[in-house]
Structure formats: C-alpha cells, structure tokens
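Peer 1: everything below, folded, please.
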Amino acid sequence: MTTKFATVGLLIAALFISGCNETLEDISPTSEKANKPLPAKVVQTLKAKGMSTTSPIMIRIFKEEAVLEVWKQKDNGRYDLAATYDICKWSGRLGPKFVEGDRQAPEGFYTVRPYQMNPRSSYHLSFNIGFPNNYDRAHGRTGQHLMVHGACSSAGCYSMTDKQVEEIYAFARDAFKGGQEAFQIQAFPFRMTAGNMARYKDDPNYEFWTMLKEGYDHFELTKVPPKVDVCGKRYVFNAMPEAGKTFNPVAACPPMSRSATLEAAYQSYLKTYQSAFDAALNKKSDKAPSPSIKGYQEALLVSDWSRRRARGERVTREPPTLDQPQVLVAESKPAPKPAEAPATVAVVPTPADNARAEGAIAEATGTVQPETAVAEKPGLRSRLLGMFGG
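Peer 2: Reported below is the predicted structural model:
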C-alpha cells in the first residue's frame, strides 16, 4: 500500500512540474468552440487593413505589459497589427525558461505548426508554442507543454480567457486553412525600446535580451517575421550561410551574409537607438534602485496585478510600475463620519526605531552591506512579498 501511494505521489509531482499539464477532453476534435468564426467586427477590421481571414499570421507576446498581439499579412506582403489581447495570466518573472518545473513562461522565437493546435484541450483551447526550440536545446533547457491556452490559469504558459483564446485560435486555424505551414511566436520580456533596455541594463538577462532585440528590430524595420536560425548557441536573424555551409545550433557560426538593404537600414537604426539609449541612461537618478532591483520589484507588482485581475478584481488596464504602483481602481465612497478626537499623545521615536528606519532605507537603496542587512533586519525580498503579496 505504501508503494502504491508513493507511486501516485510521484505521478502527481511529475504533472505539477510539466508545464500546464495538458490533457485531452473527451469531446469531438471538431468541437463547436474550435470552429467558431472570427467575430464580424474583427473580419471588418481585417478587410479595412487589406487582410483576408486566411492570410498568414504572427504572434508577439510582451510579459511586462501582459499583452499578446496578433499580426496578419496584408495584400502588399507586409504585416500589420490585427488584434491585441490582455494576457489573463503568465507565470514566473521576467526572463527565459531554464528547466522543467521552474514555472517560467518562455522567452524567445518559436514556431507553431498545425499538429501543435489542440481543439480538445482541457484549457478550453490551446496550441503548444514549441518549447524547447533549437536555442533552448543548445543551452540544455528543459520543459514541455508550454502553451497559449484558455482557462486563465498558468504554470509556465501564457493564459488567456476562454473568449480570447477562441479568437486567437481562429486566427491560427484560418491561416493554416489559407496555406500557411507554420507561424512564428515572438515572446519578449517587455517592449524593447531604448528606455526599457536602459532600465534593465544591469539585469542578469540583459545579454540574452539584447540578442532577442535584434530579431525584434528586424521585424520593426521590415514588418515581416524574421528568418530565425541558431548557430554558436545564439539566435541569428535574416542570415544566409555561405554556399555549402549550414547553421548548427552548437557549432560556430559559418560565414554568412544578409540583404545589403536590410543591413544598411539596421545599422542606421542602431545609431538612432544608441543615442536614445544613452539619453535614457543619463536620466536615471543616482538614488534610484538599480535596474536589477527595480526589475524584481516591478515583477512582483505585475505578478500581484495579474493575480488580482485573474480573481476578477477591478484593476488598472495597464500593469503597474514603481512610479505608478496603484493596482486597484479607486471607487468613490462617502467619507466616514469624523470620530471624536482622542487625547493628544506625543510619540517620540526611540534610537532603536531610528536605527531600524535608517537601515531599511539604506538596504532599499543599496547603501548597506548585505551581511549587515541580513543580520539586523528582514531581507528585501521578504518585505517586498509582504507589501505586494506572493
């Protein structure tokens, strides 16, 4: 009996760490929810932008902004924004997924083919984003069942409401019907502007994000999903290997070339970007938290905001920041009747009170040695979790 319970326990533990634990509902694969047409209003918008319902798509995801964008190919071959959805919930924090069970939503460039679509998902509807890809495998990253799905519940996935995922699923389904063999998903930590990159300059993931940014920039310049390859354990975009050579994810990159027009446009863009990046760095206050600390604090705020919204609480439309941390939408309530004023009592802080306050400020601004902070007062992480939930 003990062995039986141990086996069941191991199975449950395995399910917990394997992404979003995808299972199949016992329904027909041609279920009504998987075949709902796009709303007439959406179809009207597509036609006005020179798109058909069966034209190719691409998806962009931004964690910090909690936004999923569907882009569609226009009659001229370039892509335009077709629809934007607020992500109901994503798990983990800013940064890539490393190992199975870390409950991190992936970041990177992924590919979805028809067989990855699941009309019988236990999360209403879903499609597997294709993690791990060649880059992830080259770095030994592990995980499975990482999806975009409904049910507003996430353990490493990007979760939408059921109504949202029905539309997103329909976009993909119709694109496959139109002949698209695969569509690209670009998952980013945030919109990769000069200001955001400067804000996270000291983050441990900065080098990885800088690499992703090149693919982000190529799409911004061309409005065409970039050709994505992996060599030398890094992403390369819109590149062609020398004749007779191929891209190998773990071997050194071969000699390669890009379109001269694209390369000239990209180099010109980089000059403009560098100026904006330098200006953003110069605006930072000397007393402001370092980007790594600030990024962690804001990740906690966004996580709390996501949980509140998932519970149906009234929250702001955009995720909070340290500059605008309010997550609840204020409701006007009648002012309470003033209570009888109590007797005035003078409160004089003791030296110990002053020392604790000064120590807390010093730790938050990084001006206290770590061992002092640990010895004299609670850690920054525990106090932040106490403030914002977790």
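Peer 1: what helix or strand is the nearest residue to Arg234 once chain neighbours are set aside located in?
Peer 2: Spatial nearest neighbour of Arg234, excluding adjacent residues (C-beta to C-beta, 6 or more residues apart in numbering): Met211 at 5.9 Å. The way it works is simple: take the backbone N, C-alpha and C, and place the C-beta from them, glycine included. In the assignment (DSSP states H and E), Met211 maps to helix 206-222.
Peer 1: show residues contacting that helix.
Peer 2: Residues outside helix 206-222 that contact it (C-beta atoms under 8 Å, 6 or more residues apart in numbering) are 78, 95-96, 107-109, 186, 188-189, 192, 197, 200, 203, 225-226, 228, 234-235, 237-238, 262, 265-266, 269, 273.
Peer 1: ok, of these, which come out buried?
Peer 2: Buried subset of those (neighbour count, 16 or more other C-beta atoms under 10 Å): 95-96, 107-109, 186, 188-189, 192, 197, 200, 203, 225-226, 228, 234-235, 237-238, 262, 266, 273.
Peer 1: helix/strand/coil for Lys201?
Peer 2: Using DSSP: H, G, I helix; E, B strand; the rest coil, the secondary structure recorded for Lys201 is coil.
Peer 1: also Phe109?
Peer 2: strand.
Peer 1: quick one: the strands in the stretch 1-150 of the chain?
Peer 2: Per DSSP state E, counting those that start in this stretch, the stretch 1-150 of the chain carries strands over the ranges 57-62, 67-73, 79-86, 89-90, 108-112, 117-118, 126-128, 147-149.
Peer 1: output the helix holding Met211 as PDB, nothing but the C-alphas.
Peer 2: Output in PDB follows, covering the C-alpha atoms of helix 206-222 (Å, rounded to 0.1, in the frame of the first residue of the first chain):
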ATOM      1  CA  TYR A 206      20.400  41.700 -20.300                       C
ATOM      2  CA  GLU A 207      22.800  40.000 -22.800                       C
ATOM      3  CA  PHE A 208      20.100  37.500 -23.700                       C
ATOM      4  CA  TRP A 209      17.500  40.300 -24.200                       C
ATOM      5  CA  THR A 210      19.900  42.200 -26.400                       C
ATOM      6  CA  MET A 211      20.200  39.200 -28.700                       C
ATOM      7  CA  LEU A 212      16.300  38.900 -28.800                       C
ATOM      8  CA  LYS A 213      16.200  42.600 -29.600                       C
ATOM      9  CA  GLU A 214      18.000  42.200 -32.900                       C
ATOM     10  CA  GLY A 215      15.100  40.000 -34.100                       C
ATOM     11  CA  TYR A 216      12.600  42.500 -32.600                       C
ATOM     12  CA  ASP A 217      14.300  45.300 -34.500                       C
ATOM     13  CA  HIS A 218      14.300  43.400 -37.800                       C
ATOM     14  CA  PHE A 219      10.600  43.000 -37.600                       C
ATOM     15  CA  GLU A 220      10.100  46.700 -36.600                       C
ATOM     16  CA  LEU A 221      12.100  47.700 -39.700                       C
ATOM     17  CA  THR A 222      10.600  45.300 -42.300                       C
END
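Peer 1: between it and strand 67-73, how many degrees?
Peer 2: Calculated by axes from the mean of the first three to the mean of the last three C-alpha atoms, to 10 degrees, helix 206-222 forms an angle of 40 degrees with strand 67-73.
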